[in-house]
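> I'd like to go over a predicted model; first the sequence, then the structure.
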2 protein chains.
Amino acid sequence: MTPTVPAYRRLSVEERRSQLLDAALTLFAHRAPEDVSLDDVAEAAGVSRPLVYRYFPGGKQQLYEAALRSAAEELRLCFDEPLHGPLLPRLSRALDRYLGFVDQHDTGFSALLQGGSVVETSRTTALVDGVRRAAAEHIFSHLGVTAPGPRLRMTVRMWITAVEAASLIWLDEDKQPPVEELRDWLVEQFVAVLTVTAGRDPQTAALVGALAEDGRD
Amino acid sequence: MTPTVPAYRRLSVEERRSQLLDAALTLFAHRAPEDVSLDDVAEAAGVSRPLVYRYFPGGKQQLYEAALRSAAEELRLCFDEPLHGPLLPRLSRALDRYLGFVDQHDTGFSALLQGGSVVETSRTTALVDGVRRAAAEHIFSHLGVTAPGPRLRMTVRMWITAVEAASLIWLDEDKQPPVEELRDWLVEQFVAVLTVTAGRDPQTAALVGALAEDGRD
C-alpha cells in the first residue's frame, strides 16, 4: 500500500501517527513482526528513522503493540452490524467483513493469533482476548440474550475459536475454498452447533426455534 | 502428588529425571510456569537444588520445555485407541482420557495453551502444534481416511480447536458442566460439523453415511 498522504506535507500528530501505523500494518501483513524493523517502517512511510522513534520512543515493541491495538479496533468494527433484520444474514455480513480483514492482513493476522512470536507479551494476548470477548458480546446482543447461560456461552466461544482456526487454515491453504463458500459454511456450522446445544439447554433451544422462525420470514 | 519413589533411594538417571519432571508437572498444574522456580521443584521432589541443575543445566526454561514435552507425550497417549469397534464410542473413550488429562493438569494446561506465558517460545508453540497435528492424524486414521481433502481437513482441525477452547472454558467455569456431559456434547458437535461439511464435500458425505450405518450395528 502506498501511503495516501505524501510525506512532504506537514501532517498533524494524529495523521502522522496513523500514517506510521498504516505503514507498519502493511509490513506486518507480509512479514512476521520480528522481521519488521523501525527502519523498514520509516522507509515504507517515506520518513526519517528519528521521526518514527519520536512517535514510538519505546521502539519496535511499542510500534507493534500500537499496530495491534489499531488492528483490534478495526476488527471490532467488522462486528458492527445493525440489530434488525433476519439474524443469519447479519452474521453473514459480519463474517464477510471479518474474512476481508483476514484476507487483507494475511501473515500479520497469522503471526498475531498463532503466538510464539518474540514480541508476544501478556499485553498483546490480552488485546487478542479482548477482540474475542467483543465478538461473543456482539453475537449475544444480536441473539437478544442479555444473560447467556454457561452452555450457550461455551457454544458461542467455541464457534468463535473455530472461526479463528478456519481463518488461519484458510490462509495456510492459499485461501481455499473461495471466501463466499467459507463464509456460508461457517454460518451453517453456527446453526449446527447451536442446534446440538439446544438438545441440552432450554435457553439455546428457544434461540434455535426463533432462528428457524426468522428464516421463514 | 507425593513423589512415588522415596528420595533416599538411589535412582537411575532416567528414574531421577522422570521424578523431577513429575514434580515440575504437578507444580505447573497449580501455578503459572513463570511462578515455578527450580527451588520449588527441588523441594517438591525432596532433592537438592544442585541436583535439579545437574539434570537441567539450562535452568527453568529447559525444565519447562522438558515438562511440556513429557505432557505432550502423555497427551498423545490419550489418543491411542484400537482401530476397531463402532467409531463414536472410540472417540468418546479418547475424549475421556483427554478430559482426564485436562482435569489433572488444570492451570498448567491453561498456561500452556493460552500463551502469553513468559516462557513461551517458538519451540514450545511447535510442541503444542505437534499434539494438535497428532490428534488430527488419529482422527483421520480412525475414520479410515488416508488422503483427507481440504474441506474434511479443515472441519477436523476446527473441531480440535473447538475442543481445546471448550477445555479452557471448562477449567475457567469450575469444571462445569460435568465431564461426562461435556464429552457427549463434544461428540455430538463432531457429528454435527461433519454433517454440515457433508453438504459441500462428497468425501465427508461418505464418512457421515458410514457413521450412521455404524451407529445402527
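Looks like it came in fine. Because the structure is a prediction, the values reported are computed rather than measured. Numbering: from 1, shown residues only, chains lettered A, B, ... in the order given.
> For the spatially most central residue of chain A, give me its contacts.
Ranked by distance to the mean C-alpha position of chain A (C-alpha atoms, centre = their mean), the top residue is A:Leu75 at 3.7 Å. If you count contacts by C-beta atoms under 8 Å, 6 or more residues apart in numbering or on different chains, A:Leu75 has them with A:Tyr98, A:Phe101, A:Val131. To be clear about C-beta, it is placed using only N, CA and C from the backbone, and glycine gets the same treatment.
> Return the set of buried residues in stretch A:197-213.
Residues of stretch A:197-213 classed as buried by neighbour count (16 or more other C-beta atoms under 10 Å in any protein chain shown): A:Thr197, A:Ala198, A:Asp201, A:Gln203, A:Thr204, A:Leu207, A:Val208, A:Leu211.
> next one: stretch A:132-149
Judged by neighbour count (16+ other C-beta under 10 Å), stretch A:132-149 contains these buried residues: A:Arg132, A:Ala135, A:Ala136, A:His138, A:Ile139, A:His142, A:Leu143, A:Val145, A:Pro148.
> Give me the distance from the helix of greatest length in chain A to the chain's centre.
The single longest helix within chain A, with elements called by DSSP state H, is helix A:87-114. On the basis of C-alpha atoms, centre = their mean, to the nearest Å, helix A:87-114 sits 6 Å off its chain's mean C-alpha point.
> next SSE after it?
Using DSSP states H and E, the helix or strand that follows helix A:87-114 in sequence is helix A:122-143.
> and that following helix, what other elements does it pack with?
Packed against helix A:122-143, as judged by 3 or more C-beta pairs under 8 Å, 6 or more residues apart in numbering or on different chains; DSSP states H and E, are the following elements: helix A:60-78, helix A:87-114, helix A:150-172.
> Take those helices and lay them out in CSV including mean pLDDT.
Formatted as CSV, the helices and strands packed on helix A:122-143 follow (pLDDT from 0 to 100):
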stretch, mean pLDDT
helix A:60-78, 85
helix A:87-114, 86
helix A:150-172, 93
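> Within range of chain B, give me the residues from chain A.
A:114-116, A:120-122, A:124-126, A:150-151, A:153-154, A:157-159, A:161-162, A:164-166, A:169-170, A:173, A:176-177, A:181, A:185, A:188-189, A:192-193, A:195-197, A:199-200 (C-beta under 8 Å from any C-beta of the partner chain).
> one step back: tell me which of the helices and strands packed on helix A:122-143 is the most buried.
Sort the helices and strands packed on helix A:122-143 by mean neighbour count, taking mean count of other C-beta atoms under 10 Å in any protein chain shown, and helix A:150-172 sits at the top with a mean of 21.
> okay, how far is it across stretch A:168-178, tip to tip?
For stretch A:168-178, the first-to-last residue distance is 14 Å (C-alpha to C-alpha, to the nearest Å).
> Can you pull out the residues in contact with it?
Outside stretch A:168-178, the residues that touch it by C-beta under 8 Å, 6+ apart are A:99, A:102-103, A:106-107, A:109-110, A:113-114, A:182, A:185, B:150-151, B:153-154, B:157-158.
> For the buried residues of stretch A:197-213, which two are the farthest from each other?
Spatial extent of the buried residues of stretch A:197-213 (C-beta to C-beta) is set by the pair A:Asp201 and A:Leu211 at 14.4 Å.
> re the thing from before, name the nearest of the buried residues of stretch A:197-213 relative to chain B.
Comparing the buried residues of stretch A:197-213 against chain B with C-beta to the nearest C-beta picks out A:Thr197 as the nearest, at 7.3 Å.
> how near is that closest one to A:Glu137?
18 Å (C-beta to C-beta, to the nearest Å).
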